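Peer 1: Let's see this in three dimensions:
(2 chains)
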There are 2 protein chains.
Amino acid sequence: MTKKNAFYAQSGGVTAVINASAAGVIEAARENSDTIGALYAGRDGIVGALTEDLIDTSAEDAATVAALRHTPAGAFGSARYKLKGLDENRVEYERLIEVFKAHNIGYFFYNGGGDSADTCEKISHLSDEMGYPIQAIHIPKTMDNDLPHTDCSPGFGSVAKYTAVSIREAGYDLHSMCKTSTKVFILEVMGRHAGWTAAAGGLAAEFEGDAPHILLFPEIEFDRAKFLAKVDDTVKQYGFCTIVASEGVEIGTDFTRGDGREADAFGHVQLGGVAPKIAELIKSHLGYKYHYAIADYLMRAARHIASATDVEQAYAVGRAAVEYAVAGKSGVMVTIERESDEPYRWSIGEASLQEVANVEKFMPRDFISEDGFHITDTARRYLKPLIAGESYPPYVDGLPDYARLKNQAVPKKLETGFEI
Amino acid sequence: MTKKNAFYAQSGGVTAVINASAAGVIEAARENSDTIGALYAGRDGIVGALTEDLIDTSAEDAATVAALRHTPAGAFGSARYKLKGLDENRVEYERLIEVFKAHNIGYFFYNGGGDSADTCEKISHLSDEMGYPIQAIHIPKTMDNDLPHTDCSPGFGSVAKYTAVSIREAGYDLHSMCKTSTKVFILEVMGRHAGWTAAAGGLAAEFEGDAPHILLFPEIEFDRAKFLAKVDDTVKQYGFCTIVASEGVEIGTDFTRGDGREADAFGHVQLGGVAPKIAELIKSHLGYKYHYAIADYLMRAARHIASATDVEQAYAVGRAAVEYAVAGKSGVMVTIERESDEPYRWSIGEASLQEVANVEKFMPRDFISEDGFHITDTARRYLKPLIAGESYPPYVDGLPDYARLKNQAVPKKLETGFEI
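Peer 2: I've put the predicted structure just below:
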């Protein structure tokens, strides 16, 4: 086998553990230096490949690479940039080949979600369709857990843990104060059109009356009357009600007062997510005092409360991608295969990128309780091992000591630039 | 000294460490059983004293009491309930004396913030003014850090750590993605009219360009043009801008489009805090893509990322309150005295409740940088030790194993009830 260099890029929304995958790729590539030459990372993801802005990962010492395992977000920069089809935008593919050729790149590792799997799949066809030999392997990553053909996606276990821990803590808070203060609390969580992260919040409810009392999934059509009755019953029974709401839930628009617009106490109006809408709905119909939190990026960046299982899997899929490449594979995504729930056992597998690209995996209906407001035991069996274990970063002066990379540029070889 | 029973109550907004103070009180009371008989806790704070709803803390075994050190929120229930002056509502004081007398209570431990210090001060006068002998000691607690005459308030160090950790993590996230995605991120933090929690976020910025880039304090008048210029400069220089905004900041109301009301993409409007207003201000003037998070109760309940210093101090002030009572003191608040910044050394002291009650401590101007957008080295020296150390709760199945108390009621002795 001729020795070729490799390219690695992070893609799409970052997570608490995508850098653990990067660590897996870098360490495995270094161990396979008889097959893989230099490992270059794209600065700002695929944008770095198009603009020939490559990072020389060999400039990072072993300790720094190891520190990526406990560092959130994308150490080389990630991008929201989707390549069009070969027919629609041939010039991008020609540019990629130009850059890959200039830097003798024969391996393409792409670390992302559904859109990225699609890009990776297109790259894997460059050999056949444009005569440039390259092996493309996809490394799964998405906090949304919506990738198909893998039991779970690295990044999800950590937001799941963040959500479950946070709503348990907020539940203790509400329970303390509800006699004379706030009765309803809503935590809005990211997750796009799939309810996986809200479902994970449900793990915090272990005993009768525990928070969260209600989960709102995008998969379930919102029934206002049923929801309000459930909130009211919960407050009457337990004194308070805690809700985890997926950002993708649509609760309708006709409940706000007046023309559907409402100003706050200062006489003007703000943008916001679904939590304030739900709060307003409850306030206007039931009159309960509420508070809400919007987790937003905090949840996907929260490496301080990452799931140890998630960190381990993220690292493993990174390593496996390199091993698959060395074994001659291409056009596949590394997957996590569940072997048993309890004790939890998993192994690494693979799926064809053709089957993965652009498919979203939603929550199965049997993960959601009959009334649509909580998770079932089937869901608990699936979710529970994914949040297991703590993997704390080191701290200095009370703050997590996250890696700071050199991100040294590889000297450019081409005279032409590229406008993205 | 005649042996008397003691009453302990939690008051106001709860924190991640107020139960550590409860553990200190209970353990110290048990060690002083020759002076202090039973220790009763008020169910839902002072409300429990008024309604004779007392909790028998002796029903909790030593392991459960120890577990309070790692359990957030108020284990006995807290209340937002402020006693009026003796002249205005004598009936409440008469009722308290009735309940205290029935249960032979001679010690009153009140665990709260400024309003609670006021209540505690009034109780301390019951001996003089109404002839009922009682010693009242205040145990400081407030995430807002606005209590005077103590170097810091238990509860603050942990929200400070939460804020600094969260904005560091969000900063890593933004930095990864800013080339092709979100440019501005705003974290809204609680803290009422004092900027302490926003200031603590500033600790995360250690090197040039680090998040957070801008802090917004209620103590500094908001200058829109200066703020927008700072955001724009920051994005141009570093590619992104992260902001920690105190909920108490007033940014004005005249910048929104049209009549000051604006609907979202769904044609309607939501309530929200200051973060969405700032986001809208930036979007409308600079056009940058933004995200925002609202931490709300998550921050004050976040025992999972509590400061070890804070936990230790919360426990110590609880113990000290009992020791002061045994030593015959009354009408005082336990304080934390700073002896040195580095190495950080502190000891326990006391302040007269007359000097504490109803005084708010704001950020000194010399803690805030000249341009008003960040903290000074003086502030760093003050804040840094308060977030030091990690104090993780134990976990079971990936979730923190917080204490669940029996909260067994003390049999009522009075025939009369009390309407609150």
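Peer 1: Please, where are all the strands along chain A?
Peer 2: With DSSP state E as the criterion, chain A has strands at A:4-10, A:36-42, A:54-56, A:105-112, A:135-140, A:184-189, A:214-216, A:241-246, A:290-294, A:332-340, A:345-352, A:395-396, A:399-400.
Peer 1: Quick one: closest of those strands to chain B.
Peer 2: strand A:290-294 (3.9 Å; CB to the nearest CB). Just so you know, the C-beta spots here come from the backbone N, C-alpha and C atoms, and that holds for glycine as well.
Peer 1: residue contacts, A:G12?
Peer 2: By CB atoms under 8 Å, 6 or more residues apart in numbering or on different chains, the contact list for A:G12 reads A:S78, A:A79, A:R80, A:G112, A:G113, A:D115, A:S116, A:K141, A:T142.
Peer 1: follow-up on the earlier one: let's have the strands of chain A in CSV, adding distance to B:P364 and mean neighbour count.
Peer 2: Shown next, in CSV, are the strands of chain A (distance: least, CB to CB, whole Å; neighbours: other CB atoms under 10 Å in any protein chain shown):
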stretch, distance to B:P364, mean neighbour count
strand A:4-10, 43, 26
strand A:36-42, 45, 24
strand A:54-56, 44, 23
strand A:105-112, 47, 28
strand A:135-140, 50, 28
strand A:184-189, 34, 29
strand A:214-216, 44, 27
strand A:241-246, 38, 29
strand A:290-294, 30, 25
strand A:332-340, 53, 19
strand A:345-352, 54, 16
strand A:395-396, 27, 13
strand A:399-400, 23, 20
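Peer 1: could you check the angle strand B:4-10 makes with the longest helix seen in chain A?
Peer 2: The longest helix of chain A (DSSP state H) is helix A:156-177. Orientation check (axes from the mean of the first three to the mean of the last three CA atoms, to 10 degrees): helix A:156-177 against strand B:4-10 gives 130 degrees.
Peer 1: tell me how far helix A:156-177 is from the chain's mean position?
Peer 2: Centroid separation between helix A:156-177 and its chain, computed with CA atoms, centre = their mean, to the nearest Å, is 19 Å.
Peer 1: what does the stretch 101-250 of chain A put close to chain B?
Peer 2: Neighbours of chain B within the stretch 101-250 of chain A, by CB under 8 Å from any CB of the partner chain: A:161, A:164-166, A:168-170, A:172-177, A:179-182, A:185, A:187, A:203-204, A:207.
Peer 1: what's in contact with the helix or strand of chain A with the lowest mean pLDDT?
Peer 2: The least trusted helix or strand in chain A, going by mean pLDDT, DSSP states H and E, turns out to be helix A:126-130, with a mean of 87. With contacts defined as CB under 8 Å, 6+ apart, helix A:126-130 is touched by A:L86, A:Y93, A:E94, A:L96, A:I97, A:Y132, A:P133, A:I134, A:A136, A:S330.
Peer 1: Need the buried ones from the residues you listed selected in PyMOL.
Peer 2: To isolate the buried ones among these in PyMOL, judged by 16 or more other CB atoms under 10 Å in any protein chain shown, type:
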select buried, chain A and resi 93+96+97+132+134+136+330
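Peer 1: how about the contacts of helix A:126-130, which pair is most distant?
Peer 2: A:E94 and A:S330 (19.8 Å; CB to CB).
Peer 1: A:V65 and chain B: what is the separation?
Peer 2: From A:V65 across to chain B, the span is 17 Å (CB to the nearest CB, to the nearest Å).
Peer 1: and that residue, what does it touch?
Peer 2: A:V65 touches A:A23, A:I26, A:E27, A:T57, counting by CB under 8 Å, 6+ apart.
Peer 1: Of those, which is the nearest to B:F362?
Peer 2: The nearest member of the contacts of A:V65 to B:F362, counting by CB to CB, is A:A23 at 44.8 Å.
Peer 1: ok, how many other residues are close to the closest one?
Peer 2: By the criterion of other CB atoms under 10 Å in any protein chain shown, A:A23 has 26 neighbours.
Peer 1: My guess is it contacts A:R69. True?
Peer 2: Yes. Counting by CB atoms under 8 Å, A:A23 touches A:R69, with 4.8 Å between them.
Peer 1: that older thread, what are the buried residues along the least confident helix or strand of chain A?
Peer 2: Using 16+ other CB under 10 Å as the test for burial, helix A:126-130 gives A:L126.
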